[in-house]
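>>> here is the input, now give the coordinates:
(4 chains)
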Number of protein chains: 2
Amino acid sequence: MLKIGIAEDDPKIAALLKSALEENDYQVLTVANGIDALELFLSESFNLLIIDVMMPGLNGIQLCKHLRENNLQTPILMLTAMGTIDDKVTGLEAGADDYLVKPFHLKELLARVAALLRRQPAAETKADHKLYFEDLVLDTYSKEVSRAGKTIELSAKEFVLLELFMRNPKRLLSRQFIAEQAWDINFETGTNVIDVYINFLRKKIEKDFERKLIHTKINMGYILK
Amino acid sequence: MLKIGIAEDDPKIAALLKSALEENDYQVLTVANGIDALELFLSESFNLLIIDVMMPGLNGIQLCKHLRENNLQTPILMLTAMGTIDDKVTGLEAGADDYLVKPFHLKELLARVAALLRRQPAAETKADHKLYFEDLVLDTYSKEVSRAGKTIELSAKEFVLLELFMRNPKRLLSRQFIAEQAWDINFETGTNVIDVYINFLRKKIEKDFERKLIHTKINMGYILK
DNA sequence: TCCGGCCCTGAAAATCTGCTCAAATAACAT
DNA sequence: ATGTTATTTGAGCAGATTTTCAGGGCCGGA
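Okay, here's the model as predicted:
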């Protein structure tokens, strides 16, 4: 479950936020001042922080700066009653990712929260270890490959080679480059392993399909496109 | 340099945005309708997109959805004259990362742009590997060439030669220089390969077009202009 | 006008590349 | 040990690329 931290000194607003977010299946922790917030946000990890600017002790801007100085990457949504342009600019420059002026509508807040979170979880769960190219899917965790939902069995070398292509889509890869990346060959050997393996891959990946993926550029190399 | 794409049909606002962003050292490309935007944003890579909601053809919301459906990860800032909460929510749900209501202050826009770009340090590597000369485009990444949108197939040597010209536009290149750069020939051989290849290039690049690009300077060499 | 230098062009020759197949070798599990 | 699979090597071949070569046009100078 996604975890959200709130720093807000007004108990009514804090409660409102907490209940609204919890209704949308987020886990919520709140603190009422900047000092506690700094400690909590640095010690536990959150998916998103909502920070009010006006707080006793340490204000939102200062808190934000401190967090960023400590290399915290968590997205921050800043919240405030002050609505001048310079306030917003100051907040964003302090390291906030979004800035919402009170009074705000809960719907907008929730939409912005969702927008900020959209980028984060994707990085940890799926996008991180799965590579996509058109209908090809390569899972670097399970080392499985499929095209258009159909599983494809690849040998170790074939997998490494395909992964190389999928990490460099639409990029022309020279034999030299492929040899270095997939075979650890740094000198010129008169071998044609690469050609042979390209053909192995083609047979497995393109055999039952209309669309060709690996293209030959004579005298240059191969390209996935 | 960070590259920003703008989809905005109002020429005044488009010009305003472009000049403001360029003053802050961003590279800016603008299109005036949703259809062109979809094509441009999918074919070239940007660090950030600014999209107006109200556009002829394809509106901003639809554009945004299409882009996300095509797996585009680029951050999107949506811009609009409509300021109701539901509009904002719709925009954010369509895949936008931020939503700004017109009229807005340039300072706030710039701050939000900076905040969105802050999250994208890795994007640098995907920068632009393309060389442009008039309607000619050469992609050093995929080794592809096109003129006025039409793809042109070049052999390896032809490509190297054209790249040499496009890296030295409007500069006169002597045969000596071309031989050294593209052929690794450092001495005088009685060959005319260069002439022949210039001819090959001309046939492929200038055949179907009015405007000539490679010009001969007798006794001196060739020049792209 | 004739000549020579310079460039363009078409075609043929020479070279090289990438694909395929079969077979040798290596790695691995039973 | 044995069999299976994965990886690498090498040779033949078709086709594309690269290079050479020779003819011809253009232009300026003698």
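
>>> export the lowest-mean-pLDDT helix or strand in chain A to PDB, keeping only CA atoms.
Here the helix or strand of chain A ranked lowest by mean pLDDT, DSSP states H and E is helix A:106-124, holding a mean of 81. The C-alpha trace of helix A:106-124 is given here as PDB (Å, rounded to 0.1, in the frame of the first residue of the first chain):
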ATOM      1  CA  LEU A 106     -10.500  17.500  -2.300                       C
ATOM      2  CA  LYS A 107     -11.000  16.200  -5.800                       C
ATOM      3  CA  GLU A 108      -8.200  18.300  -7.100                       C
ATOM      4  CA  LEU A 109      -5.900  17.300  -4.200                       C
ATOM      5  CA  LEU A 110      -6.600  13.700  -4.800                       C
ATOM      6  CA  ALA A 111      -6.000  14.000  -8.500                       C
ATOM      7  CA  ARG A 112      -2.600  15.800  -7.900                       C
ATOM      8  CA  VAL A 113      -1.600  13.200  -5.400                       C
ATOM      9  CA  ALA A 114      -2.400  10.500  -7.900                       C
ATOM     10  CA  ALA A 115      -0.400  12.300 -10.600                       C
ATOM     11  CA  LEU A 116       2.600  12.500  -8.300                       C
ATOM     12  CA  LEU A 117       2.400   8.900  -7.200                       C
ATOM     13  CA  ARG A 118       2.000   7.700 -10.800                       C
ATOM     14  CA  ARG A 119       5.700   8.200 -11.500                       C
ATOM     15  CA  GLN A 120       7.000   6.600  -8.300                       C
ATOM     16  CA  PRO A 121       5.600   3.100  -7.900                       C
ATOM     17  CA  ALA A 122       6.100   2.300 -11.500                       C
ATOM     18  CA  ALA A 123       9.800   2.700 -11.000                       C
ATOM     19  CA  GLU A 124       9.900   0.100  -8.200                       C
END
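
>>> that helix near chain B anywhere?
Yes - using CB under 8 Å from any CB of the partner chain, helix A:106-124 reaches chain B at A:Lys107, A:Glu108, A:Leu110, A:Ala111, A:Arg112, A:Ala114, A:Ala115, A:Leu116, A:Arg118, A:Arg119. (C-beta placed from N, C-alpha, C; glycine too.)

>>> so how far is B:Val89 from the last one?
In other words, A:Arg119. Separation of A:Arg119 from B:Val89 (CB to CB, to the nearest Å): 18 Å.

>>> more neighbours, the two?
Using other CB atoms under 10 Å in any protein chain shown, the more surrounded residue of A:Arg119 and B:Val89 is B:Val89, with 20 against 17.

>>> can you say which helix or strand has that one in it?
Remark: B:Val89 resides in helix B:85-93, with elements defined by DSSP states H and E.

>>> what residues of the helix or strand just after that helix count as buried?
Where DSSP H and E defines the elements, the next helix or strand beyond helix B:85-93 is strand B:98-101. Within strand B:98-101, the residues that count as buried by 16 or more other CB atoms under 10 Å in any protein chain shown are B:Asp98, B:Tyr99, B:Leu100.
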